[in-house]
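> Provide a 3D model corresponding to the input given below.
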Amino acid sequence: MPLNDYLEKILRGQPINYGAFLKKLPEPFRQRHRELFATEKVQANRWLVTVQDETAFAELQNVAEAPVSRIDAAKKGDSHRHGTEVSFLLVYHQGLASSRPDVVVIGTESVDMGFRRARSVLVVENERNFYQYSQMLDFASETLGMHLRLMNCDVVLGGGNRVTRRAILDWLQGYEEVFCAFDYDAGGLQMFSTIAASVGDKATFVQPPDWQPWLAWFRKLPDTTERFTRAISLAEGLGFVPLAEAFRATGKFMEQEMILDE
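Prediction:
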């Protein structure tokens, strides 16, 4: 299995054959694997892997995308071994005249955007929530204790792991504050962890200060026990102890669409 496939499984909280994974690692990373990853055996030849060094993991992702172009990677049998040369982001910003978002084109050496950035950006994971950007800005304002509107905060569609691409992470560095509104599960926490490793203290995870009133909105059953325990581990590692306690109290995750039903 290609190295990228192992990395994707780790990001998704899926168990892997850790021994086989180590054989795929470039030597510098293999020598440091105990510093980079924590493992938990969940069945025969299957380990749940938790990333302990997000910066090094981002470097490893770049190494795994070593082919010189996506076409070159396709010729070698797997176009996904190379990151796309161009990324597209949908953005709501102050200058829009309608409910149709703008597009930012991010290339390897250039960025094409027809607007001036706001001071802050709210990255929203799911499309429905992104389209309801006004309600998401209200939610973020309430939970963070600040007044966020398009005049001071752009809104970007995260689209799964899209925002963890290196070029997009570099683009996010241009904001003073990066607010992350993701699903409250292992995937959302992993995405935030990757962004925080890149932009540092600029990153803030959007969540209520008190989870008790929200417990009834935790309705998504985890796909696996391993994914559930990983979410708890990530939450605690990020210092989100109340969220970890909410996971334990409900045994479930909360999808961000529930915010729109609040």
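> Which parts of the stretch 1-150 of the chain are strands?
37-43, 46-51, 87-92, 102-106, 111-112, 120-124 (DSSP state E, counting those that start in this stretch).
> okay, the ones you listed, which one's buried deepest?
strand 120-124 (a mean of 26; mean count of other C-beta atoms under 10 Å). Every residue, glycine included, has its C-beta placed from N, CA and C.
> Give me the mean pLDDT for it.
When pLDDT is averaged over strand 120-124, the result is 98.
> got the contact list for it?
Contacts to strand 120-124, defined as C-beta atoms under 8 Å, 6 or more residues apart in numbering, come from residues 130, 133, 136-137, 140, 148, 152-158, 163, 172, 175-182, 195, 206, 256.
> how about the helices in this structure?
3-12, 18-24, 27-31, 33-36, 54-64, 70-75, 127-131, 133-144, 166-172, 186-199, 225-237, 241-250 (DSSP state H).
> could you measure the residue lying closest to Y184 once chain neighbours are set aside against Y18, distance?
Take Y184 and drop its neighbours on the chain: the residue closest to it by C-beta to C-beta, 6 or more residues apart in numbering is M254, 4.1 Å away. Separation of M254 from Y18 (C-beta to C-beta, to the nearest Å) stands at 30 Å.
> Just want to know which of these two has more residues nearby.
M254 (24 against 19; other C-beta atoms under 10 Å).
> can you pull the contacts of that one?
M254 touches D183, Y184, D185, W214, W217, F218, R219, K220, A246, counting by C-beta under 8 Å, 6+ apart.
> if we can go back for a sec, would TSV of the strands of the stretch 1-150 of the chain with distance to D261 be doable?
Listed next are the strands of the stretch 1-150 of the chain as TSV, based on distance: least, C-beta to C-beta, whole Å:
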stretch	distance to D261
strand 37-43	34
strand 46-51	32
strand 87-92	21
strand 102-106	28
strand 111-112	36
strand 120-124	16
